[in-house]
Structures are given as C-alpha cells and as structure tokens.
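Engineer: Predicted model and sequence follow; I will ask about them next.
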Amino acid sequence: MNVEQFDFDLPEELIAQTPLLQRTESRLLALNKRTGAIEHGTFTQLLNYLQSGDTLVLNDTRVLPARLLGVKADTGAKAEVLLLKNTEGDTWEALVKPGKRVKKGTVLHFGADSEAPLLLAEVTEEGEMGARTLRFEYQGIFHELLDQLGQMPLPPYIKEQLEDQERYQTVYAKHRGSAAAPTAGLHFTEAFLNEIRSRGVTIASVTLHVGLGTFRPVSAERVEEHEMHHEYYEVSQETAEVLNDTRVRGGRVVAVGTTSARTLETVARRYGDSAVQACSGWTNIFMYPGYEFQLVDALLTNFHLPKSTLVMLVSALAGRELTMKAYEAAIQERYRFFSFGDAMFIYE
C-alpha cells in the first residue's frame, strides 16, 4: 500500500493554533463506518452516539514540561533540550538543539539566573539527528524543578505560545511520562465525564506514554515498510476486569484517542481469546487498512496529519476511502485540525 494514498490537501489556516476557551465547545464529526453516514455537531452531542453498557477508555498519561532552555556552561551559548525518556535514575534520552555544538562531555545549565544553576546536565552519549543521553545533577526533587523550569513540548505545527500549560493536559492526566498529549481527551471536562457516567457508560483508564515518534513523518514509500516507535503502556487489574466484563456482556469498547486504541489492541493481541490481565510493556503496534481490530469497537479521535501513521490507524478502522471522504467533508466544513482541533467519532 502506497503512503501517497493517505495524502490530502489541508489549508494551513485550519491548523488550530490555540485551544478553545471551553474544552467542550469543539465540534464533532460522527462517521458511521457501516453505512458511511456523516453527521456534523458539537462535542457534547457525543452523548447521542454512546450507549448504556459501553466502556469509554481514556489514556491517563500526563505530559512532562519536557522542553528546557539552557546554556552551555563553558561558553554561555544557548541550548534547547527536549526530554524523551527516563532510562534509569537521573539519565534521560533527549533531543538537543543545536546538536552539532553539543558534544559528549558538554555540561548544560538550566535556571542559571541564580548564583548556581538549579539543574545541571552532562552529555554522556551522542546519537544521530541531535539525539543525546543526559545525566542530570540537582538539589531537591527533579519533577518539581522540571515543573518550574520546563515548557510544554508543543507539536512543531503549533506556532503560538500556550498561556495555560494545563490546556495541553487532559483533566484526568495522572501518570507523568509523555512527550505529547493524547489530544482526543482534551475535549473532556469532569462535568461532561460525569454526565457520560450517568448515561450508563463505564469509564476506564489505560496508560500509554506518548513519544515524539507520534510526529515522525513516514519516510518509506510503502506503508508496510514503516517501522513504528516503541511506547510504554500499562493496564491495571481494574481496567482489565472492566474490559473482560464489557466483552462478556456484548458492550462496545470505545477508545478515546489513537494511543488508547494502540494500547487496547496491544493487550488484545497479547491475550488473544483469553481474558485480558493487568500488564505493562512496550508496544510498536502499527495499524493500517487490513488490520483486524480485536477489542476496539469505536474511536474518538482528532483530525491528523496527511500521510501520518495516525490517519492510517483511523483508515484501518473506518476504511481508507471512507476516511478520506470524512476528511474532505471536514475540510469543506472548516473543522479545526490537529492537537487543539475538533473531534471525530467513528462507530457503527
């Protein structure tokens, strides 16, 4: 399958640069994957498509304020660090700019306005394309310093500064570890989640820490040749029991976001026809047309980048032609796209 089959023309002005004033004010495109029917509405009309007995699965990861602006200790030259993954202790994998000038042995200072830097990092390994391994030194609690010094690692297509960093977190974000938000969940408020519960819908959580590979373009010509990045996931015993119960009584499993969908399908493949169990691990599952979903029945998601693995995942569930038709309708109706954009619900 050719990657070009997932391309489409998107006017730049449809790329949402800022979140809406109220989370639930976004629009909703509902796509019935069985009939091909497309309906336009507001996000709170999601209630019209959810059914008593459904289980809504959220990704409760929390985004790290992982963008650090610092200086080289020896020259004072500016450097930017984007933390990717905590490998062990105070050692992190990161992307550094400008990479060519930050070699192994370089020491970086952050929060250096005071007499001593609040955070110090030494480059211990060099990788390609700005990839570096950093070992941090500090006094106090690392995550408190990160909250003080770090900025949200917004996607490259967002040019505006974010006034309230919590708007790039879901209201149910709990476990720190993501380099990007599971953006389908940004539309929910606690009040709306309670309203969903009152309709007989169960709400469960999984954790998948989103990596920057989410934004990595597909460079291969053929979809099948693309290699996905690995991301860490966890499924609790409570969630496993909810999923098993939903399966037994014939309810629908509704994934909120592609990250929840990837987690659910990972555990479905892990356990097959057996009951899902509490588990954790790393997944690089890649879903594109031809993939047969085992656990996810419906998907709430945002509108994604052309030729991205995310639009391929949506096409795996709804079919490529129907997905492209829905995207064409969204563009015609001037929906807002990407992280701070509007929502799409795929169901039958």
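Structural biologist: Done, it's in. Residues are numbered from 1 along each chain as shown.

Engineer: contacts, neighbours, all on C-alpha from now
Structural biologist: OK.

Engineer: And what about Leu186, helix, strand or coil?
Structural biologist: Recorded secondary structure, Leu186: helix (DSSP: H, G, I helix; E, B strand; the rest coil).

Engineer: you'd agree it is up against Glu25?
Structural biologist: No: at 11.1 Å, Leu186 does not count as touching Glu25 under the criterion of CA atoms under 8 Å.

Engineer: These two: who's more crowded?
Structural biologist: Using other CA atoms under 10 Å, the more surrounded residue of Leu186 and Glu25 is Leu186, with 27 against 15.

Engineer: what ranges do the strands span in the stretch 151-300 of the chain?
Structural biologist: 175-178, 202-208, 231-235, 253-256, 279-283, 298-302 (DSSP state E, counting those that start in this stretch).

Engineer: Out of these, flag the one nearest Glu128.
Structural biologist: Nearest of the strands of the stretch 151-300 of the chain to Glu128, taken as CA to CA: strand 231-235 at 19.7 Å.

Engineer: That closest one pairs with which strands?
Structural biologist: Paired neighbours of strand 231-235 in the sheet (DSSP bridges): strand 202-208 (antiparallel), strand 279-283 (antiparallel).

Engineer: How is the protein partitioned into domains?
Structural biologist: Segmentation of the chain into domains, based on automatic domain parsing, reads 3-63+165-347, 67-149.

Engineer: Buried deepest among the strands paired with strand 231-235, which one?
Structural biologist: strand 202-208 (a mean of 22; mean count of other CA atoms under 10 Å).

Engineer: Just the CA atoms of that strand, as CSV, please.
Structural biologist: Extracted in CSV, the C-alpha atoms of strand 202-208 (Å, rounded to 0.1, in the frame of the first residue of the first chain):
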residue,chain,number,x,y,z
THR,A,202,-18.4,2.9,32.2
ILE,A,203,-15.2,4.9,32.2
ALA,A,204,-11.8,3.1,32.4
SER,A,205,-8.2,4.2,32.0
VAL,A,206,-5.0,2.8,30.5
THR,A,207,-1.6,4.5,30.4
LEU,A,208,0.5,4.9,27.3
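
Engineer: Low-confidence stretches in the stretch 201-348 of the chain?
Structural biologist: Counting by pLDDT under 70, the ranges of the stretch 201-348 of the chain that qualify are 214-216.

Engineer: Swap in 80 and give it another go.
Structural biologist: Low-confidence segments of the stretch 201-348 of the chain (pLDDT under 80): 212-217.

Engineer: the helices in it, which residues?
Structural biologist: Here the stretch 201-348 of the chain has its helices, by DSSP state H, counting those that start in this stretch, at 237-248, 258-271, 309-318, 320-332.

Engineer: Looking at those, spot the one closest to Gly36.
Structural biologist: Closest among the helices of the stretch 201-348 of the chain, once you apply CA to CA, is helix 320-332, at 6.7 Å.

Engineer: which residues of the stretch 51-200 of the chain fall in helices?
Structural biologist: 142-149, 190-198.

Engineer: hey, least reliable of the ones you listed by pLDDT?
Structural biologist: Sorting those by mean pLDDT places helix 142-149 lowest, at a mean of 93.

Engineer: ok, and for that helix, which residues are buried?
Structural biologist: Neighbour-count burial for helix 142-149, counted by 16 or more other CA atoms under 10 Å, picks out Leu145, Leu146, Leu149.

Engineer: Can you tell me, leaving aside adjacent residues, what's nearest to the second one?
Structural biologist: In space, not counting the residues next to it along the chain, Leu146 is nearest to Pro65; the distance is 6.5 Å by CA to CA, 6 or more residues apart in numbering.

Engineer: possible to save the helices of the stretch 201-348 of the chain as CSV with mean neighbour count and distance to Ser205?
Structural biologist: Shown next, in CSV, are the helices of the stretch 201-348 of the chain (neighbours: other CA atoms under 10 Å; distance: least, CA to CA, whole Å):
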stretch, mean neighbour count, distance to Ser205
helix 237-248, 17, 6
helix 258-271, 22, 9
helix 309-318, 23, 20
helix 320-332, 18, 27
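
Engineer: Any chance of JSON lines for those, columns distance to Tyr157?
Structural biologist: Formatted as JSON lines, these follow (distance: least, CA to CA, whole Å):
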{"stretch": "helix 237-248", "distance to Tyr157": "34"}
{"stretch": "helix 258-271", "distance to Tyr157": "19"}
{"stretch": "helix 309-318", "distance to Tyr157": "16"}
{"stretch": "helix 320-332", "distance to Tyr157": "17"}
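
Engineer: picking up where we left off before, the residue nearest to Leu146 touches Leu154, doesn't it?
Structural biologist: No: under the criterion of CA under 8 Å, Pro65 makes no contact with Leu154, lying 9.5 Å away.

Engineer: Which one of those two is surrounded by more residues?
Structural biologist: Pro65 (25 against 20).

Engineer: Look up how far Tyr291 lies from the more buried one.
Structural biologist: For Pro65, the distance to Tyr291 equals 34 Å [CA to CA, to the nearest Å].

Engineer: so what's Thr55 up against?
Structural biologist: By CA atoms under 8 Å, 6 or more residues apart in numbering, the contact set of Thr55 is Val201, Thr202, Ile203, Ala204, Val242, Leu243, Thr246, Gly251, Arg252, Val253, Val254.
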